[in-house]
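Undergrad: I would like the atomic coordinates for the input below:
(chains A and B)
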Amino acid sequence: MKFVEKMKCLFHYYPKNASFSSFFNSFTTHQLTTLTAFPQDPQILLITLCSNGQLKEALIEMAAQGLEMKFEGYDMLLNACIKRRAFREGQRVHAHMIKSRYLPPLYLRNRLIIFYGKCDRLRDARNVLDEMPEKNVVSWTAMISAYSQRGSASQALDLFVQMLRSVTEPNEFTFATVLSSCTGTFGFELGRQIHSLIIKRTLDTHIFVGSSLLDMYAKAGRIHEAREVFESLPERDVVSCTAIISGYAQLGLDAEALELFRRLNLEGMTSNYVTNASVLTALSGLAALDLGKQVHNHVLRCNLPFCVVLQNSLIDMYSKCGNLIYSRRVFDSMPERTVISWNAMLVGYSKHGMGREVVELYELMRNENKIKPDSVTVLGVLSGCSHGGMEDVGLKIFDEMVNGKDGVEPDIEHYGCIVDLLGRAGRVEEAFEFIKKMPFEPTAALWGSLLGACRVHSNIDVGEFVGRRLLEIEPENAGNYVILSNLYASAGRWEDVRMVRDLMMKKAVKKDPGRSWIELDQTLHSFHASDRSHPRRQEVFAKLKELSIKLKEAGYVPDLSCVLHDVDEEQKERILLGHSEKLALTFGLISTSDRTPLRVIKNLRICVDCHNFAKFVSKIYLREVCLRDKNRFHHISKGICSCGDYW
DNA sequence: GTAGGGTTAG
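TA: Okay, here's the model as predicted:
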C-alpha cells in the first residue's frame, strides 16, 4: 500500500503541462501489476489499464468516470491510441471530451493532431488545429508532418507558409519536416528560400535539417549541391549517409553511389536496411551480381531486420543482374509482400521476355486477392505480354482495365504498351488506328515504338508518316533518324536515306554515348566505342580481329546500315567492330574459361549488328550470352535469342 | 508532445 500512496502523492505534484505518460512509463511491469491488485483510485485504474494495453477496458472506465475525467486520464488514453493507431478508440476519447464540455489544454490538442495524423485522418487533424485558440510550434509542425507523411506535399507547404505569417516561429523540427515536402518545381523554389532562412538561423549544419536539405537537392537532380550540404555537416549519421547514397543511386549515378558507400564503410559508417536497399538500387543499375550477392550475405550475417523493402530491393537486384531464379527464391520466401514485391517480380519476368510466367504470377496475385494491383502492376503485365508474345492475353487484360475491372485507371503508358504489343505482332495498321483513337496526345516514345514496328515489318507507308512526325517533335533524338533511314534503306530508297542522314547532321544531334560493361570477380570492366583505355585493350583488339574472320566464315555479314557516318565501307566495318558491346563481349571471352556464360550490359538499345554478332559468338564458342540493354534482356544461346529478334 | 534517408515503373 505504501507504493500506491507514494504514487498518488507523486501524481499530485506532477507538473500539469508535462506528459503524464512519460512519467508512468518509468514504472516496471511488476510494479504496475502490483498496483492492479489493490483497491483503486479511478485515475490509477485508468492509467494501469492503458499501460497494460487494455484499451477496451480503459474506455469503459472512461465512460464510468464521466465528468470526472481529467487531463492525466485523457493523456494516457490518447497516448495508448497513438501507439496502436487505434482510430475508433481515439475518436471516442475525443468525443468524450466534447460531450463532457472538457476544454483540452494546448498539449492535449497537439496530441489529438498527432493522433489523427497517424491514423490518416488529415481532415480531423486539421479541424483540431483550426479550432485551437492558440497554437505553438508543435501544433503547426505536427500538422505539417501529417500532410507530408501522407504525401500531401502542397498542403504541407501551404500550411508552412501560413505558419510563417503567424506569431509562431518554426524550429528545427519544422524545417526538417517541411523540406521533405519540397519537391517539384514550385516546392524546390520554396525549398531554396527555406534554405536561406535556415542559414540565417545557423541551422544549416543541424543533422536532421541538413539531411532533409541534401535530400531535397538530390531529388531535384542537384546532386552537387546535395553533396555540398553533406560535406558541410559537422557530423554524419546513418540517415545523412543513406540520403546522399540514395541521391546518387536515384539519379542513375550508380558508380558514384557505390564508391561513396564503400568509402563511408571504410570510415566506419553503420548501415541499416535503408542504406542497403539504396546501395542495391545502384548495384541493380550496374548489374553487379557478385557485389549484390555480397550485400545479400552482409544483410544475412549482420542479422539486419529482414523487412519487405530490403527484400523488394533484392528481387529487383537479382532480376536486373539476370538471375531470376534468385529473385523468385526471395519472393517465395517472403512472409509478407507489398504491391512493390509483386511488381518487381512481374517486371523481372517481363524484361526477360517470359510472358507465360508474367501471366501466371498475375493470376496468382489476383487469386490471392490480398494485394491490389496498381498502375505499375498492369504496366508490367502488359509489357510482359508484349515481350513474351502473348498478344491476346495482353489485349484482354487491357480491355478489363479500360472497363474498370482492375480498379486501375489506364494512363498513356498503358496505351503505349498496347501500341508496342500490336506493332510487335505485325498489326501495324491497327496500332496506328489505335493511336488515333486514344484519349491521350501521343508522346514521342509512343510514336517511336510504332516506328520500330514499321521497320521490323517493313511498313513503309505508316513508317514514313510516323518517322517524319517524330523528326518534327523530337528532332534531337538520333535514334529516330537511324530507324527511319534503315526503313528507307530496306525499301531501296537511297535518295531518302541520304536526305535523313543530311538532316541528322544539320540538326547537330547529340547521341548518348554508348557504353557496355561486364563484371568479373566483383570488378566492373567498362567500354565505350573503340575504347583504347582498358589495360588489356591489345588482347581485346587482337581477339576481335580473329573473331571477325571466324564469324564471317560461319556466315556473319556485318550490317553496315547500322553506321550512319558518311565513310567508305571498310571504315564502316571498323566502326561497327568497335561497338562497345562487342568489346565487352570479347573481353569476357578472353577472360573466362570455356563455356562460362557471359553477362554483358549496355546502357542503350543494342544495335542489330551487335545482336547478330552475339548470336554467332554463342553458336561458335558454345557460350550462353546474357545481354541486358536499355529495354530488356537478351538470352542468347546456340545462335538463338530469347527476344525473337524483336526488341 | 512535433523531425531527416528506402523498394517496382517512367
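Undergrad: Doesn't A:His525 lie inside a strand?
TA: Yes: counting by DSSP: H, G, I helix; E, B strand; the rest coil, A:His525 is part of a strand.
Undergrad: separation between the nearest residue to it once chain neighbours are set aside and A:Leu324?
TA: Leaving aside its chain neighbours, A:His525 sits nearest to A:Ile518 (5.4 Å; criterion: C-beta to C-beta, 6 or more residues apart in numbering). C-betas here are computed from N, CA, C, even on glycine. Separation of A:Ile518 from A:Leu324 (C-beta to C-beta, to the nearest Å): 19 Å.
Undergrad: go on, A:Phe527?
TA: 26 Å.
Undergrad: Which one's more surrounded, the two?
TA: More neighbours surround A:Phe527 than the other of A:Phe527 and A:Leu324, with 28 against 20 (other C-beta atoms under 10 Å).
Undergrad: wouldn't A:Pro475 be in contact with A:Lys507 here?
TA: Yes: counting by C-beta atoms under 8 Å, A:Pro475 touches A:Lys507, with 5.1 Å between them.
Undergrad: and the residue of the stretch 501-647 of chain A nearest DNA strand B?
TA: Using C-beta to the nearest atom of the strand, the single residue of the stretch 501-647 of chain A nearest to DNA strand B is A:Asn631, 7.7 Å away.
Undergrad: Could you pull up the contacting residues of that residue?
TA: Applying C-beta atoms under 8 Å, 6 or more residues apart in numbering, we find A:Asn631 in contact with A:351, A:605, A:647.
Undergrad: Now the first one. Nearest residue, chain neighbours left out?
TA: In this structure, A:Lys351 finds its nearest non-sequential neighbour in A:Arg632, 4.8 Å apart by C-beta to C-beta, 6+ apart.
Undergrad: and A:Ser246, helix, strand or coil?
TA: Quick answer, by three-state DSSP: A:Ser246 is helix.
Undergrad: Surely it is in contact with A:Ser271?
TA: No: counting by C-beta under 8 Å, A:Ser246 stays clear of A:Ser271, with 11.7 Å between them.
Undergrad: measure A:Pro335 to DNA strand B for me?
TA: A:Pro335 sits 14 Å away from DNA strand B, taking C-beta to the nearest atom of the strand, to the nearest Å as the criterion.
Undergrad: Validate this expectation: that residue resides in a strand.
TA: No: A:Pro335 sits outside any strand when classified using three-state DSSP, being coil.
Undergrad: That one: how many residues sit nearby?
TA: Neighbours of A:Pro335 under the rule other C-beta under 10 Å: 7.
Undergrad: what's near enough to touch A:Lys83?
TA: Contact analysis of A:Lys83 by C-beta under 8 Å, 6+ apart lists nothing.
Undergrad: can you confirm it is in a strand?
TA: No: assignment of A:Lys83 by three-state DSSP gives helix, placing it outside any strand.
Undergrad: quick one on the thing from earlier: isn't the residue nearest to A:Lys351 right next to A:Cys643, touching?
TA: Yes: between A:Arg632 and A:Cys643 a contact is recorded at 6.6 Å, counting by C-beta under 8 Å.
Undergrad: Now the common contact residues for those two.
TA: A:353, A:387.
Undergrad: so where is chain A shaky, pLDDT-wise?
TA: Low-confidence segments of chain A, defined by pLDDT under 70, are located at A:1-40, A:508-511, A:564.
Undergrad: now the strands for it?
TA: With DSSP state E as the criterion, chain A has strands at A:515-520, A:523-528, A:598-602, A:625-628, A:633-637, A:640-641.
Undergrad: can those go into a markdown table with extra columns for distance to A:Leu197?
TA: Converted to a markdown table, the strands of chain A look like this (distance: least, C-beta to C-beta, whole Å):
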| stretch | distance to A:Leu197 |
| --- | --- |
| strand A:515-520 | 42 |
| strand A:523-528 | 43 |
| strand A:598-602 | 44 |
| strand A:625-628 | 45 |
| strand A:633-637 | 49 |
| strand A:640-641 | 57 |
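Undergrad: Next, format the ones you listed as CSV and append distance to DNA strand B.
TA: As requested, the strands of chain A are exported to CSV (distance: least, C-beta to the nearest atom of the strand, whole Å):
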stretch, distance to DNA strand B
strand A:515-520, 18
strand A:523-528, 18
strand A:598-602, 14
strand A:625-628, 11
strand A:633-637, 12
strand A:640-641, 20
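Undergrad: To A:Gly355, which of the ones you listed lies closest?
TA: Closest approach to A:Gly355 among these is made by strand A:633-637 (13.2 Å; C-beta to C-beta).
Undergrad: which helices and strands does the closest one pack with?
TA: helix A:608-620, strand A:625-628 (3 or more C-beta pairs under 8 Å, 6 or more residues apart in numbering; DSSP states H and E).
Undergrad: Residues of the stretch 51-200 of chain A that sit close to DNA strand B?
TA: Proximity of the stretch 51-200 of chain A to DNA strand B (C-beta under 7 Å from any atom of the strand) is limited to residues A:106-107, A:109-111, A:114, A:136-139, A:141-142, A:145, A:148-149, A:171-174, A:176-177, A:179-180.
Undergrad: Now, of those residues, which are buried?
TA: Neighbour counting with 16 or more other C-beta atoms under 10 Å marks A:107, A:109-111, A:114, A:138-139, A:141-142, A:145, A:148-149, A:172-174, A:176-177, A:179-180 as buried within those.
Undergrad: Give me the subset of those residues that lies in helices.
TA: Per DSSP state H, helices hold the following members of these: A:107, A:109-111, A:114, A:138-139, A:141-142, A:145, A:148-149, A:172-174, A:176-177, A:179.
Undergrad: tell me the contacts of A:Leu503?
TA: By C-beta under 8 Å, 6+ apart, the contact list for A:Leu503 reads A:471, A:481.
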